[in-house]
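Q: what follows is a protein structure lacking sequence information:
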């Protein structure tokens, strides 16, 4: 059995990973909540179905579920749910395949960023939250 230098820091790294994965979403969710009319307008401009409901779901997922994941509460199922949410936002919000340059390149980068976040969420779903979490209490 191999020992890694990071093994002793596993729980701290999992906490840091949860914070780093979710900080963008928590801040974005807060912004969507405090500017809800603008969020609904943005969802409308994207062609999202039921823009007001889509905006409410975005706020709940980004702000509430984001905070729950930082705290490590129901981490595995919420990480999987959040991965599906991020996939949906990538498909609706960054359809680079329908665009021309320069929007195409910018949106492809954002789409791929979302796929990277999904990868982190899947790792979190598999690894669990670590010791520094509400799940462990």
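A: Now that the structure is in, tell me what you want to look at. The structure displayed is predicted, hence computed values, not measured ones.

Q: contacts, neighbours, all on C-alpha from now
A: OK.

Q: how far away is residue 59 from residue 85?
A: Counting by CA to CA, to the nearest Å, the separation of residue 59 from residue 85 is 11 Å.

Q: okay, the two: which has more neighbours?
A: residue 59 (24 against 17; other CA atoms under 10 Å).

Q: so which elements touch the host helix or strand of the more buried one?
A: If you go by DSSP states H and E, residue 59 is part of helix 51-59. The contact analysis (3 or more CA pairs under 8 Å, 6 or more residues apart in numbering; DSSP states H and E) places helix 51-59 against helix 10-34, helix 36-46.

Q: and the shortest one, which residues are buried?
A: Spelled out, that is helix 36-46. Of all the residues in helix 36-46, those buried under the rule 16 or more other CA atoms under 10 Å are 36, 39, 40, 42, 43, 44.

Q: surely residue 29 and residue 58 touch.
A: Yes: using CA atoms under 8 Å as the test, residue 29 is close enough to residue 58 to be in contact (6.9 Å).

Q: the more surrounded of those two?
A: Shown here are residue 29 and residue 58; by other CA under 10 Å, residue 29 has more neighbours (26 against 23).

Q: so what's the more buried one up against?
A: Listed by CA atoms under 8 Å, 6 or more residues apart in numbering, the contact partners of residue 29 are 58, 59, 60, 61, 62, 63.

Q: now the fourth one: how far from residue 103?
A: In this case it means residue 61. Note on residue 61: its distance to residue 103, by CA to CA, is 26 Å.

Q: before we move on, what about residue 127?
A: Distance, residue 127 to residue 103, using CA to CA: 36 Å.

Q: for residue 30, same thing?
A: 26 Å.

Q: can you pull the buried residues of stretch 21-32?
A: Using 16+ other CA under 10 Å as the test for burial, stretch 21-32 gives 21, 22, 23, 25, 26, 28, 29, 30, 32.

Q: okay, the fifth one: pLDDT?
A: In the predicted model, residue 26 carries a pLDDT score of 98.

Q: where's it relative to residue 48, distance?
A: 21 Å.

Q: please apply the same query to the last one.
A: Taking CA to CA as the criterion, residue 32 is separated from residue 48 by 15 Å.

Q: cool, and the third one?
A: Distance from residue 23 to residue 48, counting by CA to CA: 24 Å.
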